[in-house]
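K.L.:
sequence first, then the predicted structure:
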Amino acid sequence: MKRLPSIVVFLVGVWAGHALIPTAAAQFRSTKSERLLSTDLSGWCDGKEVTVELNDAGTGTSGKHYHPAHSFTYVLDGTETYALDGQQPRTVHAGELLYEPPMRLHTVDNTSPVKLLVIRVAEKGKQATVRVP
């Protein structure tokens, strides 16, 4: 029985790793957030709060995550691709508004910087974003 040269085995392994795990090569985007407002809704909607943030995101991917909140994202500048788990990706452009229901797993990708106005209604004390490995 003939053995394959080590270099062939190595190259096949590199190709298989690249072909089967393309997200490993994706770069996570950096995001700068500025909280513009945070207000308690007690007396009207006890235990809930509204936050308003201005987000500047660089190129790359957000990675899989969800928000334990109702999220409304208005794209001020740029374009991003929003992929709700199990659905076709949707491209959102400047001037468009995106609604994300709570707890829906998704990924956001962009090839150029994007500026977003994000409004969330959530339970008080919950973190805004939960990353999923």
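P.N.:
Perfect, I can see it now.
K.L.:
hang on, isn't Lys115 packed against Asp77?
P.N.:
Yes: the criterion here is Cβ atoms under 8 Å, and Lys115 meets it with Asp77 at 4.1 Å. C-beta here means a position set from N, CA and C on the backbone, and glycine is covered the same way.
K.L.:
ok, the closest residue to His106 other than its chain neighbours to Leu54 distance?
P.N.:
Spatially, and ignoring its direct neighbours in sequence, His106 is nearest to Leu84 (4.8 Å; Cβ to Cβ, 6 or more residues apart in numbering). The spacing between Leu84 and Leu54, counted by Cβ to Cβ, to the nearest Å, is 24 Å.
K.L.:
the helix or strand of the chain with the lowest mean pLDDT: what's the following helix or strand?
P.N.:
Scoring the helices and strands of the chain by mean pLDDT, DSSP states H and E places helix 6-20 at the bottom, with a mean of 49. Counting by DSSP states H and E, the element after helix 6-20 in chain order, helix or strand, is strand 31-40.
K.L.:
what's near enough to touch Val118?
P.N.:
51-55, 71-74 (Cβ atoms under 8 Å, 6 or more residues apart in numbering).
K.L.:
if you set the cut-off to 7 Å instead, what comes out?
P.N.:
With contact taken as Cβ atoms under 7 Å, 6 or more residues apart in numbering, Val118 is in contact with 53, 55, 71, 73.
K.L.:
phi first, then psi, for it.
P.N.:
phi -120, psi 120 (degrees, to the nearest 10).
K.L.:
and for His65?
P.N.:
phi -160, psi 170.
K.L.:
who does it bridge with?
P.N.:
His65 has these beta-bridge partners by DSSP bridges: His106, Arg131.
K.L.:
now His70
P.N.:
His70 has these beta-bridge partners by DSSP bridges: Val121.
K.L.:
count of neighbours near it?
P.N.:
15 (other Cβ atoms under 10 Å).
K.L.:
where's it relative to Lys32, distance?
P.N.:
Look at His70 and Lys32: by Cβ to Cβ, they are 23 Å apart.
K.L.:
many thanks, we can stop here.
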